[in-house]
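>>> predicted model and sequence below, questions to follow.
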Amino acid sequence: MNTRVKLLSFSVMLGLAANGHAALDRTGDFALMDSDGKFHQLSRYQHRQAVVLMSYAATCQNMGRLVADYKALHERYAEQGIEFLLIDSQGRGRAELAALDVGMPVLQDNGQLISAALGLSVAGEVRVLNPDRMSLFYSGAVGSELDQTLAGLLAGPLRDTVKTSTGDGCALSFAVRDAHKEKVPDYSTEVAPIIIENCVECHRQWGAGPFAMDRHVSLLGWSPMIKEVILNKRMPPAQIDPDIGHSTTARYLSTEDIRIVVNWINAGGPRGDGPIDPLAELKFEETQPWLLGQPDLILATPLQKVPVNGILEDVYLEMELPFTEDTWVRAVQYQPTGNGALHQMVAYVTAPGEDFWGAERTSTHTTRRFLESYSPGRAIVAEFAEGSGLLIPKGHKLSMQFQYVGMGAELNSITEIGLYFADKGDGELQERLVQTVSTQFVLPADANDIPMQAEHVFDENVIITGVRARMNERCKNVKFTVERPDGSREDILSIPAYNYAWQPHYVLETPVRVPAGSRVMVTGAFDNSVSNPFNPDPMEEIASGMTSLDEMFTGYLTYHRDVQ
């Protein structure tokens, strides 16, 4: 064999070896809402072969042409299992994005964090993402190379990331990111206060979180996971759409705070020069204070043994009450011991012979007396709206449902319930009630987006002070909307990414007046596919029922009569 042939053979062997070890570039999971308030998470597109994402900048003069070329590819491939989305890489608000009317979803990248994480540098730049393995199929411009990559992807698995030029779109600027690179957020004065305000109540020793954020080194060690769960919106828990209503019991994390934490992590999480570590200075008392002073009556549940590991759910308990006459309650506070172990609690006032579910077992519309719910976090007292109170008729009892989570050691949990009575001089109180709204259904197997709706018409003027959703693992999203007799609509609250583990009673910061004849709609969808990370079995057809092994679609509307 001559030298030329030997060199050629060696080159081919190197090429084969490279191909044999070729690997797609890695990317991370992320979640954003679009201009219509719909939730999009990369890992929840596993029912699709790929997600194509193009950077969008409304001020770019080439944007119209770039979008037209992108939409032409969308029309060709959308029916072949490929999802096409735009991402606003300028951090604009929802109202401005919705007014653009570009004909496809535009993801809100409020802090530009996802655009930066994906390495987008110009408007019109594209990423083709693998939602199953969090990897990158393509990086480059809209053009023939993208078309060929998508065609190749449908023909068979791609072994290596295809990379082309970024195209002729306008350059993107990342002012906050660049400023944080120049001057990294300070741990003691900027990062730690955000963690203290939003995280450590659960992420501490014997807290509900799976690890403690009790000093800088702990935060640094867990920083990759912290960044991941912030960017894919798993944390903070119980998030609602910040652009629809506002609740005092939701967990919000501002765009500014997210930028500070994520950019600090991206910079390596430096300790800084602060003389003290604010996280290490924190002290916690397992017995939380009674926030309104000593309650008028303290009830204590029987001791519950919580196992070392696992979830103990659907624990039901009934408690007799000592009242010899009808009693009005103006506020309640729950005080669990080992409060990290008690993951959820719901309590109703029930009649003799009535269990926790009451008439909900047989009726899609019931009116109930709801005391309150509990989820881990800082101490909260539920004060009922002014002029209203919870009526506990003589002879009625409490019916409660608990969910416990093991914490690595066997615990004995007792929950104290502090009741604050309404004063006799408070005048006539309007009764605080809950209207349940549900529907019966069967979910087909392997279906990603199954719409659902339940509704109730109020026959009197009422004020809605809070809402709660009750679904199980397969629920995707839920929204509460009022349609008034004049045809006008108002969205009260939206839960764009429903999570069965975190659904408190959302107390509305601004109660909603609902005139008689108004229709309150609870709309949403289920995901019974492989894209739902909580789905026990996407190939199972499942019917509605009352246990955690079934599915349900129930909205709870907390209200009292409007006498104005």
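On my side now, so go ahead.
>>> now do the helices in this structure.
3-20, 63-77, 94-98, 113-117, 144-155, 175-182, 192-198, 216-221, 223-231, 255-266, 278-281 (DSSP state H).
>>> just checking, Gly103 touches Ala68?
No. Applying C-beta atoms under 8 Å as the test, Gly103 and Ala68 come out as separate, 9.9 Å apart. For the C-beta atoms, the positions are set from N, CA and C on the backbone; glycine is no exception.
>>> domains in the chain, as residue ranges please.
Listed by automatic domain parsing, the domain ranges of the chain are 22-173, 184-281, 297-356+363-428, 434-561.
>>> list the contacts of Arg26.
By C-beta atoms under 8 Å, 6 or more residues apart in numbering, the contact list for Arg26 reads Met134, Ser135, Leu136.
>>> let me fix that: Gly517
Contacts here follow C-beta under 8 Å, 6+ apart; on that basis Gly517 touches Val457, Phe458, Asp459, Arg484, Pro485.
>>> top of these by number of neighbours, please.
Greatest neighbour count in the contacts of Gly517, by other C-beta atoms under 10 Å, goes to Phe458: 20 neighbours.
>>> got a list of what it touches?
Counting by C-beta under 8 Å, 6+ apart, Phe458 touches Gln435, Val514, Ala516, Gly517, Ser518, Val520, Tyr559.
>>> repeat for Ser218
Contacts of Ser218 by C-beta under 8 Å, 6+ apart are Phe211, Ala212, Leu279.
>>> picking that back up, worst average pLDDT in the domains of the chain?
Mean pLDDT values for these show the minimum at domain 297-356+363-428, a mean of 92.
>>> reformat the helices of the chain as CSV; add distance to Ala347.
Formatted as CSV, those follow (distance: least, C-beta to C-beta, whole Å):
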stretch, distance to Ala347
helix 3-20, 61
helix 63-77, 50
helix 94-98, 37
helix 113-117, 40
helix 144-155, 52
helix 175-182, 44
helix 192-198, 27
helix 216-221, 35
helix 223-231, 30
helix 255-266, 33
helix 278-281, 34
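>>> residue contacts, the closest residue to Val102 other than its chain neighbours?
Spatial nearest neighbour of Val102, chain neighbours left out: Val67 (5.8 Å); criterion: C-beta to C-beta, 6 or more residues apart in numbering. Counting by C-beta under 8 Å, 6+ apart, Val67 touches Met54, Tyr56, Leu86, Val102.
>>> pretty sure the third one sits against Gly103.
Translated: Leu86. No. Counting by C-beta under 8 Å, Leu86 does not reach Gly103; the two are 9.6 Å apart.
>>> the more surrounded of the two?
For the pair Leu86 and Gly103, the greater number of neighbours falls to Leu86 (25 against 11), based on other C-beta under 10 Å.
>>> which residues touch the more buried one?
With C-beta under 8 Å, 6+ apart, Leu86 has these contacts: Leu53, Met54, Ser55, Tyr56, Val67, Tyr70, Val102, Met104, Pro105, Val106, Leu107.
>>> give me the subset of these lying in strands.
Leu53, Met54, Ser55, Tyr56, Val106, Leu107 (DSSP state E).
>>> the first one pairs with what?
Looking back up the chat, that one is Leu53. Under the criterion DSSP bridges, Leu53 forms beta bridges with Leu85, Arg127.
>>> contacting residues around it?
Leu85, Leu86, Ile87, Leu107, Leu118, Val126, Arg127, Val128, Leu129.
>>> ok, the residues you listed vs Leu299, which is closest?
Leu107 (47.7 Å; C-beta to C-beta).
>>> tell me how many other residues surround that closest one.
24.
>>> so how far is Ala525 from it?
According to C-beta to C-beta, to the nearest Å, Leu107 stands 18 Å off from Ala525.
>>> list phi and psi for the residue lying closest to Asp459 once chain neighbours are set aside.
Nearest non-adjacent residue to Asp459, counting by C-beta to C-beta, 6+ apart: Ala516, 5.9 Å away. Here is the backbone geometry of Ala516 (degrees, to the nearest 10): phi -50, psi 140.
>>> contacting residues for Ala516?
Phe458, Asp459, Glu460, Asn461, Pro485.
>>> ramachandran angles for the first one?
Yep, that's Phe458 we're talking about. Per degrees, to the nearest 10, the backbone of Phe458 is at phi -80, psi 130.
>>> tell me which of the helices of the chain is the most buried.
Among the helices of the chain, helix 113-117 has the highest mean neighbour count (mean count of other C-beta atoms under 10 Å), at a mean of 22.
>>> show me the contact partners of that helix.
Taking C-beta under 8 Å, 6+ apart as the rule, helix 113-117 contacts 27-28, 30, 32, 55, 87, 89, 107, 109, 172, 174, 177, 231, 258-259, 262.
>>> closest to Pro393 out of these?
Ile258 (47.4 Å).
>>> and the residue nearest to that closest one when sequence neighbours are not counted, how far is that from Thr436?
The spatially closest residue to Ile258, leaving aside those adjacent along the chain, is Gly111, at 5.5 Å (C-beta to C-beta, 6+ apart). Plainly put, Gly111 is 38 Å away from Thr436 if you go by C-beta to C-beta.
>>> what is the burial count for the residue nearest to Ile82 when sequence neighbours are not counted?
Nearest residue to Ile82, sequence neighbours excluded (C-beta to C-beta, 6+ apart): Ala50, at 5.0 Å. By other C-beta under 10 Å, 24 other residues sit near Ala50.
>>> ok so, going back, sitting in strands, which of the contacts of Phe458 do you find?
Filtering the contacts of Phe458 for strands - DSSP E - leaves Gln435, Val514, Val520, Tyr559.
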